[in-house]
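Undergrad: Show me the folded form of this:
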Amino acid sequence: MNSKAHKKFSFYKIIACVLGICLLLAVLAAGVLYLKLQEPGKRSADFARLQQEAYQGIFCSMYAPEAFPEDIYSTYMGYDAVSCSHQITSFSDLSDYLDTAFSSGNEVSHVFLVLDPLILWNSSLHNSERFSDSLDTRLLSYIDACPDAEFTIFFSTPSLAYWQSQSAKELETYENMVNILASSLSMRENAAVFFPGGEEWLISNPDAYASPLELNATAARSVMMLVLSGALRYQNTDTCNSLAQYDALVQHAISSPASYPDLSDYDIVFFGDSVFGNYHDFASIPGVIGALTKAAPHNLAVGGSSATQISAGDNSFPSAVQHFLSGDNASLSEGKKLCFIINYGLNDYFTGYTVEDYEKGLQAGVQSLQEAYPDAEILIVSPNFIISFEYGTAHNNDFGEILADYVAAAEAVAGEQKVDFLNANEVLQWNAQNAAGYLVDAIHPNEEGRFLLGVAIIKALEEVLP
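TA: Prediction:
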């Protein structure tokens, strides 16, 4: 390169650097301006509400407070609550809100707090003594001074993806802070501590997060509903230690990251009953599969439906297929490959439809899909293990057929139609001793159960999809 060209190159390089610095300064300035103008405005608005409105509860969060909907309290808990819009940044910040609420003249009976241990540690300037003193004077003192108020505290939920990008020291710090907070809070009879971050179905699912550290609104609402129901409690006993389980989960994810096939070039259409159809968010079985594989899920499952067809136009599998083929497939992406996942049998068994009629319904639906889409992949998934109807061994028709007969029939139809089959019971190993931990009731998988079944289906697809 001659000297003239070199000087020209250096000039453009300098200009690029200057522009880059200007851009960075602009971003920083925008952040500072936001903190100066927006957050003080939110604090003022929050304090005005706390001083002027009538309420029984208060909600404060150290991340994404807008993701936690205020309507939950009046709708599900039967009382009004103020959901504060400012993102709490420190113990001092939190105590200002508690001071305002408890001096407002309202009889505050419920306090909900989302605490981020890392934010609290950072705001304490990484000083253990300052952290402990702030915890005592700016949080525990209120809990002790207000024994008639219920304090519900749950910790932030960093994603597994976040921890996979952080140092071991950062994880150790987080866990130490959780331990300190939980140990102190759990000693108070009027404080209940919850730990959503230990749930694999939540922190493993990228579609639950607005950022690696923050749940999106849908996931935040799901977590709040579970907390209000009493689920996700922090435990520290001889038989169950939430923090130890969490550390094992995160360490495994770091040392052996889960690997899922990239199915972004697939549309996956789901036919089934309420196991698929009752849920349509990130934690549904189609949602889990879509989030982990990047496939486009289309959930056409209907609660209460069966494979057995009684009449044309009912909610059976053959009728659902005909409806799909008649025009309800407009959302399929042009040029993408197609996969159908089919899960029926529970309602056929509950209703007492015969295994023979169940087989006929499965065959009719599969044949129609094969004729319309001969290149599509089809996977039949067996009914899952249940607790009701004597663990699926009760007789609901005159032929003495039990749930296992419907599972065997689904496998037989898959073989006859030359499509793939997944026996969910063999893969998941749910049984009379452990099934209650995976079912939200006696039949339907809970969040963890749906995650595990979704992963099982992904592994099955990985074996059969080109």
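
Undergrad: Could you pull out the helices in the stretch 251-400 of the chain for me?
TA: For the stretch 251-400 of the chain, the helices defined by DSSP state H, counting those that start in this stretch occupy 274-277, 285-293, 317-325, 346-351, 355-372, 388-392.

Undergrad: and the fifth one, which residues are buried?
TA: Along helix 355-372, the positions that meet the burial threshold by neighbour count (16 or more other Cβ atoms under 10 Å) are 355, 357-366, 368-370. All C-beta spots, glycine's among them, are computed from the backbone N, C-alpha and C.

Undergrad: about what we covered before: okay if I get the helices of the stretch 251-400 of the chain as JSON lines plus mean pLDDT and distance to residue 140?
TA: Listed next are the helices of the stretch 251-400 of the chain as JSON lines, based on pLDDT from 0 to 100; distance: least, Cβ to Cβ, whole Å:
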{"stretch": "helix 274-277", "mean pLDDT": "97", "distance to residue 140": "44"}
{"stretch": "helix 285-293", "mean pLDDT": "98", "distance to residue 140": "38"}
{"stretch": "helix 317-325", "mean pLDDT": "96", "distance to residue 140": "56"}
{"stretch": "helix 346-351", "mean pLDDT": "98", "distance to residue 140": "49"}
{"stretch": "helix 355-372", "mean pLDDT": "98", "distance to residue 140": "59"}
{"stretch": "helix 388-392", "mean pLDDT": "97", "distance to residue 140": "45"}
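
Undergrad: Let me have those helices in a markdown table, extended by distance to residue 300.
TA: As requested, the helices of the stretch 251-400 of the chain are exported to a markdown table (distance: least, Cβ to Cβ, whole Å):
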| stretch | distance to residue 300 |
| --- | --- |
| helix 274-277 | 8 |
| helix 285-293 | 9 |
| helix 317-325 | 6 |
| helix 346-351 | 16 |
| helix 355-372 | 11 |
| helix 388-392 | 25 |
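
Undergrad: pLDDT weak spots in the stretch 351-466 of the chain?
TA: By pLDDT under 70, the stretch 351-466 of the chain contains no weakly predicted segment.

Undergrad: Quickly run through the sheet partners of the host helix or strand of residue 58, with directions.
TA: Per DSSP states H and E: residue 58 is located in strand 57-61. Each strand paired with strand 57-61, and its direction, by DSSP bridges: strand 81-87 (parallel), strand 110-115 (parallel).

Undergrad: Would you reformat the ones you listed as CSV and include mean pLDDT and mean neighbour count?
TA: As requested, the strands paired with strand 57-61 are arranged in CSV below (pLDDT from 0 to 100; neighbours: other Cβ atoms under 10 Å):
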stretch, mean pLDDT, mean neighbour count
strand 81-87, 95, 22
strand 110-115, 96, 23
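
Undergrad: Output those in TSV, with distance to residue 214 appended to each entry.
TA: Listed next are the strands paired with strand 57-61 as TSV, based on distance: least, Cβ to Cβ, whole Å:
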stretch	distance to residue 214
strand 81-87	10
strand 110-115	11
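
Undergrad: Could I get the contacting residues of residue 354?
TA: Listed by Cβ atoms under 8 Å, 6 or more residues apart in numbering, the contact set of residue 354 reads 308, 397, 399, 401.

Undergrad: Out of the helices of the stretch 251-400 of the chain, flag the one nearest residue 412.
TA: helix 355-372 (7.0 Å; Cβ to Cβ).

Undergrad: how much does that closest one deviate in direction from helix 317-325?
TA: 20 degrees (axes from the mean of the first three to the mean of the last three Cα atoms, to 10 degrees).

Undergrad: centre of the chain versus helix 355-372, how much separation?
TA: 33 Å (Cα atoms, centre = their mean, to the nearest Å).

Undergrad: likewise stretch 144-157?
TA: Taking mean C-alpha positions (Cα atoms, centre = their mean), stretch 144-157 and its chain are 24 Å apart.

Undergrad: and if you look at stretch 201-216?
TA: Using Cα atoms, centre = their mean, the offset of stretch 201-216 from its chain centre is 7 Å.

Undergrad: Going by neighbour count, which residues of that stretch are buried?
TA: 201, 202, 203, 204, 205, 208, 209, 213, 214, 215.

Undergrad: The first one - that's part of a strand, no?
TA: Yep, that's residue 201 we're talking about. No: going by DSSP: H, G, I helix; E, B strand; the rest coil, the assignment for residue 201 is helix, not a strand.

Undergrad: what's the distance between residue 170 and residue 199?
TA: 20 Å (Cβ to Cβ, to the nearest Å).

Undergrad: neighbour-wise, which of the two wins?
TA: residue 199 (22 against 14; other Cβ atoms under 10 Å).

Undergrad: Enumerate every residue touching that one.
TA: 157, 232, 447, 448 are the contacts of residue 199 under Cβ under 8 Å, 6+ apart.

Undergrad: With residue 47 instead?
TA: 97, 100.

Undergrad: and if you look at the one 10 residues further on?
TA: Contact criterion Cβ under 8 Å, 6+ apart gives 73, 77, 79, 80, 81, 82, 108, 109, 110, 111, 112 as the residues in contact with residue 57.

Undergrad: ok, and the closest non-adjacent residue to the second one?
TA: So that's residue 77. Distance criterion Cβ to Cβ, 6 or more residues apart in numbering; nearest residue to residue 77, sequence neighbours excluded, is residue 228 at 6.5 Å.

Undergrad: Do I have it right that the one you found meets residue 79?
TA: No: Residue 228 is beyond contact range of residue 79, at 11.8 Å (criterion: Cβ atoms under 8 Å).

Undergrad: so how many other residues sit close to residue 125?
TA: Neighbours around residue 125, by other Cβ under 10 Å: 8.

Undergrad: Hmm, residue 338 and residue 379 touching each other?
TA: No: contact criterion Cβ under 8 Å: residue 379 and residue 338 do not qualify, at 11.9 Å.

Undergrad: circling back: farthest pair within the contacts of residue 354?
TA: Pairwise over the contacts of residue 354, using Cβ to Cβ, the maximum falls at 308 and 399, 13.6 Å.

Undergrad: So the two - more neighbours on which side?
TA: residue 308 (25 against 12).

Undergrad: contacting residues for the more buried one?
TA: 316, 348, 351, 353, 354, 357, 358, 360, 361.

Undergrad: Identify the residue nearest it in space, chain neighbours excluded?
TA: Closest to residue 308 by Cβ to Cβ, 6+ apart is residue 353, at 4.0 Å.
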